[in-house]
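Student: This is a predicted model, with the sequence first.
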Amino acid sequence: MVRNNVDPTYGDLYKEIEVFQWLESQQNPSTDQTRALITNLAPLGEEGLDIARAFLDKHGRAHQLDSLLESCKKLPVANYQTFALLGFDGDLPKGYANPLEELKALKKARAMKLRGLYYHSDRLCLNANTFAKYVLRRRTLVYVNGQGFFTYEPSGVWRPMERLELEKLCRDILHEAEDGIWKKSWSSEYISALELEAELVEKMDKDLHFINLRNGMIDLRTMDLEPHHPSYYSTVQVPVKYNPDAKCPQFKRFLESVFDGDQERINLVQEIMGYVLTKERRLQKAFIFYGVGANGKSVLAEVIRHIAGPDNVSNVPLAKLTDRFGLDNLPGKTVNISTENELGDKHLNTQNFKAITGGDVVNVEQKYKDSFSCELFCKLLISVNQLPKTLDHSHGYYRRLVIVPFQKVFREEEQDPNLLDKLLTELEGILVFALEGYQRLYRNDYRLSPCQASEKALAAYKAEQNPVLLFVREELRFNPGSSARQSELYPAFQNWARRNGCSDYNPSRQRFWHLFKAACAELGLKFSQKKVNGIVHIENFELLSNAGGQAERL
C-alpha cells in the first residue's frame, strides 16, 4: 500500500478537540487528568503514545509514561462526564461518549472530504475529480497515450501501471476512509478523471544521454552521476551501482581466452556491451554471436543479460518477431536475446528485423489491448550455432549485421561449471568496462571499432546466403565499355554452381536475376541493360572466359 503522507494524523487533529485544548492549557495537570487523557490516547497505538509523550515532556514528566500506561491498563476510556468532574467546563459535544470517539470521527470526516466522499440524501457519493487529484497527491503518475499509466518508484524508475493495479490502489485508498464503501460504478469515473488529471507525457525515456543506474543517473557524455529524479522519465534501470574504481579481472581473462587474445574482437564486444545498455539507436545494428560448440558465447550473453538487468531483457525468438503480437514484449526493453537455432531451416523474415534495428516507429499489437505506436530502443542480440537463412539479400539487411565469431571450442576438461557465478561477482566492474566501451563508441561518432574477424564472417555469410554474389566475384569481370549477353549468364551460373558443389542451389531464372541485381548493389556496381540487334546485353560486364587483359577484377 502506498504511504499516506497527505491525510492529517491524529497528532495534527488532536488540538482541534476542545477538551484536549483545555488539558494543554493546564499549568500543572493532575495525575487524574493525565490518566484521563492517556486512556483516550492509548487505543490509537504509536500515534497516541507520541501525543501523550509530547504532553508529558511539556510538563517535564516524560519519564512517567510507562508507569502511567501501566496504571491505565484496567481503566475504561474516560468519558466527557469524567472530564467535567476533573474541571472541564466547556460545552460537551453531542453524539460522542468521549474525546477518543470525537477525534476518530474528525479524522474520518477529513479523510472522506479529501477523497471527495460526501452524502447526498443519505446516499454516499464520490466526486471523481476531487478523488483523482487526491490520488495524484499520494502517487506520482503520468499518462502516456497508447501505453496508459506509469508510476514513479522510490528506487528512481518509472514503471507501467496496469489498469487493474490502479483500480486496486484506488479501492484501497477509498477504504482507508471507511471499509467496504467502494462501488463498481465509481471505478470508470475516477479512472477517466485520472487520465485527464495526470500529466500527459508524449513519450518516456526522452533523454538518450543518461543511463539509470541503481545509485543515480549517469550522463554518458561526461560520466557524471546525478541523483534520480522523476523528470528524467526513465523506465529502465540497470540494477548495478556505478563504482568508477570497480575492476573485473576474471571477466577480462574470460574474454582473452574466448577470443584467443584478439583485441579487435574484445574491443568490439566491449562497445556492444556498452551500447545495449543505452536507449541510443543510431548504430542500426543487430549483433550475432556465432559459433559451434562450447565456445563462451552463451556465458557472455548471460553476463549481458545480468548487466542490462533481467527485467530489461526480452527473449522473443527471431521466428516470432514477425508474428502479429511478436513485438509486444519489446517496448521498454534495452535488449532482446534470441538463442540457439530457433529458426531451423526456416528463412528469416527481415521486415520487423529491419524496423527494430532501424529505430523506426512500429505498431505494437497487444492481446486484448489497444495497439499503439512507439519507437523501440531494444537491441537485437542473437546467439546461434548456425547463421539464419534469409531470402533478403539487400544491402539494407546486411548493413545491419555485426557478426562476432566464437571460433575457440573448449574441451570438457577446460570448462568451469561455476564460471558464470564467478563472473557475476564482478558486475560493478563489468559495468565500468561496458561504459568504457560506450565512451569509445561515442568518441568515434558511433562507428564500431574495426574488426577483421567480424568483417570476414559477414562476407562469408553474404556469399553463403547468395551464391550469385560469389559467382559475380569469381566468374565476371568489370570492364567499362564491354558487355555480356544476358542469355549467357544464367547457364554460366548453373555450370559454376555444379563445379563448386552448389548444385543443390538451383534458383529459377527469375530468382537468379533478382539475386544478380542484389549482388551488383552489394558490390556497388550499377546494373544496366541494353539491346543490340535484338539481343539483351548486361553493360560493363564480361564473363571470365571472354574477358580481355584490360578487365578489372571485382
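Tutor: Noted; the coordinates are in hand. Residues are numbered from 1 along each chain as shown.

Student: Low-confidence ranges, the stretch 151-300 of the chain, go.
Tutor: For the stretch 151-300 of the chain, no stretch has pLDDT under 70.

Student: For it, just list every one of the helices.
Tutor: 163-177, 184-197, 249-258, 263-275, 297-308 (DSSP state H, counting those that start in this stretch).

Student: Please tabulate these in a markdown table, including the columns mean neighbour count.
Tutor: C-betas here are computed from N, CA, C, even on glycine. Output for these, formatted as a markdown table (neighbours: other CB atoms under 10 Å):
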| stretch | mean neighbour count |
| --- | --- |
| helix 163-177 | 16 |
| helix 184-197 | 16 |
| helix 249-258 | 16 |
| helix 263-275 | 21 |
| helix 297-308 | 21 |
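
Student: Just tell me which of those helices ends up closest to residue 435.
Tutor: Closest of the helices of the stretch 151-300 of the chain to residue 435 is helix 263-275, at 5.6 Å (criterion: CB to CB).

Student: Report the buried residues of stretch 121-135.
Tutor: 126-135 (16 or more other CB atoms under 10 Å).

Student: no, scratch that, I was asking about stretch 403-421
Tutor: Buried, per 16+ other CB under 10 Å, within stretch 403-421: 403-408, 419.

Student: circling back to that earlier point, tabulate the helices of the stretch 151-300 of the chain (JSON lines), appending distance to residue 144.
Tutor: Shown next, in JSON lines, are the helices of the stretch 151-300 of the chain (distance: least, CB to CB, whole Å):
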{"stretch": "helix 163-177", "distance to residue 144": "13"}
{"stretch": "helix 184-197", "distance to residue 144": "11"}
{"stretch": "helix 249-258", "distance to residue 144": "37"}
{"stretch": "helix 263-275", "distance to residue 144": "25"}
{"stretch": "helix 297-308", "distance to residue 144": "22"}
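
Student: I'd like to know which of those helices is closest to residue 469.
Tutor: Smallest distance to residue 469 across the helices of the stretch 151-300 of the chain (CB to CB): 24.1 Å, for helix 263-275.

Student: mind listing what the helix or strand harbouring residue 541 pairs with, with the direction of each?
Tutor: Per DSSP states H and E: residue 541 is located in strand 535-543. Applying DSSP bridges to the sheet, strand 535-543 is found paired with strand 476-485 (antiparallel), strand 529-532 (antiparallel).

Student: Buried deepest among these, which one?
Tutor: Among those, the stretch with the highest mean neighbour count (mean count of other CB atoms under 10 Å) is strand 476-485, at a mean of 17.

Student: following that strand, which helix or strand comes up?
Tutor: Downstream of strand 476-485 (by DSSP H and E), the next one is helix 486-499.

Student: Show me the contact partners of that next one.
Tutor: Identification of contacts with helix 486-499 by CB atoms under 8 Å, 6 or more residues apart in numbering yields 467-468, 471, 474-475, 502-503, 505-506, 509, 512-513, 516, 529, 535-538, 543.

Student: Only the buried subset of those, as a ChimeraX command please.
Tutor: Listed next is the ChimeraX selection for buried residues among the contacts of helix 486-499, using 16+ other CB under 10 Å:
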select :467,468,471,475,502,512,513,516,537,538
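
Student: quick one: contacts for the nearest residue to residue 537 once chain neighbours are set aside?
Tutor: Nearest non-adjacent residue to residue 537, counting by CB to CB, 6 or more residues apart in numbering: residue 483, 3.8 Å away. Residue 483 sits next to 530, 532, 537-542 when contact means CB under 8 Å, 6+ apart.

Student: can you list those residues in a markdown table and add distance to residue 186 and pLDDT?
Tutor: Listed next are these as a markdown table, based on distance: CB to CB, whole Å; pLDDT from 0 to 100:
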| residue | distance to residue 186 | pLDDT |
| --- | --- | --- |
| 530 | 77 | 89 |
| 532 | 83 | 85 |
| 537 | 79 | 88 |
| 538 | 74 | 88 |
| 539 | 76 | 87 |
| 540 | 76 | 86 |
| 541 | 76 | 84 |
| 542 | 81 | 86 |
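
Student: how about JSON lines for the residues you listed, with distance to residue 162 added?
Tutor: Formatted as JSON lines, the contacts of residue 483 follow (distance: CB to CB, whole Å):
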{"residue": "530", "distance to residue 162": "63"}
{"residue": "532", "distance to residue 162": "69"}
{"residue": "537", "distance to residue 162": "64"}
{"residue": "538", "distance to residue 162": "59"}
{"residue": "539", "distance to residue 162": "61"}
{"residue": "540", "distance to residue 162": "61"}
{"residue": "541", "distance to residue 162": "60"}
{"residue": "542", "distance to residue 162": "65"}
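
Student: Tell me, how many residues neighbour residue 178?
Tutor: By the measure other CB atoms under 10 Å, the count of residues near residue 178 is 14.

Student: What helix or strand is the residue nearest to it when sequence neighbours are not counted located in?
Tutor: Spatially, and ignoring its direct neighbours in sequence, residue 178 is nearest to residue 108 (6.7 Å; CB to CB, 6+ apart). Per DSSP H and E, residue 108 falls inside helix 99-114.

Student: and that helix, which residues are buried?
Tutor: 99-103, 106-107, 110-112, 114.

Student: Show me what whichever helix or strand comes after it is packed against.
Tutor: On the C-terminal side of helix 99-114, the nearest following helix or strand under DSSP H and E is strand 117-120. On a contact count with 3 or more CB pairs under 8 Å, 6 or more residues apart in numbering; DSSP states H and E, strand 117-120 meets strand 123-126.

Student: The strand it packs on pairs with which strands, and in what direction?
Tutor: Note on strand 123-126: by DSSP bridges, its sheet partners are strand 117-120 (antiparallel).

Student: isn't residue 468 right up against residue 521?
Tutor: No - using CB atoms under 8 Å, residue 468 is not in contact with residue 521; the gap is 11.7 Å.

Student: For residue 366, list the residues it contacts.
Tutor: Here residue 366 is in contact with 325, 328, 372 (CB under 8 Å, 6+ apart).

Student: if we can go back for a sec, okay, the buried residues of helix 99-114 in CSV with pLDDT next?
Tutor: Shown next, in CSV, are those (pLDDT from 0 to 100):
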residue, pLDDT
99, 96
100, 96
101, 96
102, 96
103, 96
106, 96
107, 96
110, 96
111, 96
112, 96
114, 96
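
Student: Kindly reformat the residues you listed as JSON lines and extend each row with distance to residue 292.
Tutor: Output for the buried residues of helix 99-114, formatted as JSON lines (distance: CB to CB, whole Å):
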{"residue": "99", "distance to residue 292": "81"}
{"residue": "100", "distance to residue 292": "77"}
{"residue": "101", "distance to residue 292": "79"}
{"residue": "102", "distance to residue 292": "80"}
{"residue": "103", "distance to residue 292": "75"}
{"residue": "106", "distance to residue 292": "75"}
{"residue": "107", "distance to residue 292": "70"}
{"residue": "110", "distance to residue 292": "70"}
{"residue": "111", "distance to residue 292": "67"}
{"residue": "112", "distance to residue 292": "69"}
{"residue": "114", "distance to residue 292": "66"}
